[in-house]
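Asker: only geometry, no sequence info:
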């Protein structure tokens, strides 16, 4: 701590600028990784009802500005999705089980940027599934 206090104003400003740039890169990387994982989950693991419930709660997790400061936004998404599935479809899943379904693999906290990306990634699949299909008569 005393080393920081001994830094010149120019050195502090340069360090802060470098760290802010690093912060932006980290947020972007979390968002990009979340989009990839959301697309993969929606395409390979999700049920239609899970996608529908996720779409219902998506707005509160779709903060592209990065202003959400949840310590573990993934936990919040799992709670919201478990509750929505129960209320809408009567499907009961604990938030812990839902978190394991959404984010398989080693238990890690998910940043708000990652969760925003994850929801954004699932949204594309939701739109494709619900896109009106062309009738066979129109294709002839």
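Answerer: The structure has been received and is ready for your questions. Quantities reported herein were computed from a predicted structural model and do not represent experimental measurements.
Asker: now the helices for this protein?
Answerer: Secondary structure of the chain (DSSP state H): helices at 2-6, 9-44, 48-57, 73-89, 95-102, 112-129, 136-139.
Asker: quick one: the fourth one to chain centroid distance?
Answerer: In this case it means helix 73-89. Chain-centre distance of helix 73-89: 13 Å, with C-alpha atoms, centre = their mean, to the nearest Å.
Asker: what mean pLDDT does it have?
Answerer: In this model, helix 73-89 has a mean pLDDT of 93.
Asker: what helices or strands is that helix leaning on?
Answerer: helix 48-57, helix 95-102, helix 112-129 (3 or more C-beta pairs under 8 Å, 6 or more residues apart in numbering; DSSP states H and E). Using the backbone N, CA and C atoms, a C-beta is placed for each residue, glycine as well.
Asker: same thing but 10 Å
Answerer: helix 9-44, helix 48-57, helix 95-102, helix 112-129 (3 or more C-beta pairs under 10 Å, 6 or more residues apart in numbering; DSSP states H and E).
Asker: could you say which of these is packed most deeply?
Answerer: Burial of the helices and strands packed on helix 73-89 is given as mean neighbour count (mean count of other C-beta atoms under 10 Å); helix 112-129 ranks first at a mean of 21.
Asker: tilt between that helix and helix 95-102?
Answerer: Per axes from the mean of the first three to the mean of the last three C-alpha atoms, to 10 degrees, the angle that helix 112-129 makes with helix 95-102 is 70 degrees.
Asker: for helix 112-129, packing partners?
Answerer: In terms of contacts (3+ C-beta pairs under 10 Å, 6+ apart), helix 112-129 is packed against helix 9-44, helix 48-57, helix 73-89, helix 95-102.
Asker: export those helices to a markdown table and tack on distance to residue 119?
Answerer: Below are the helices and strands packed on helix 112-129 laid out as a markdown table (distance: least, C-beta to C-beta, whole Å):
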| stretch | distance to residue 119 |
| --- | --- |
| helix 9-44 | 6 |
| helix 48-57 | 7 |
| helix 73-89 | 7 |
| helix 95-102 | 10 |
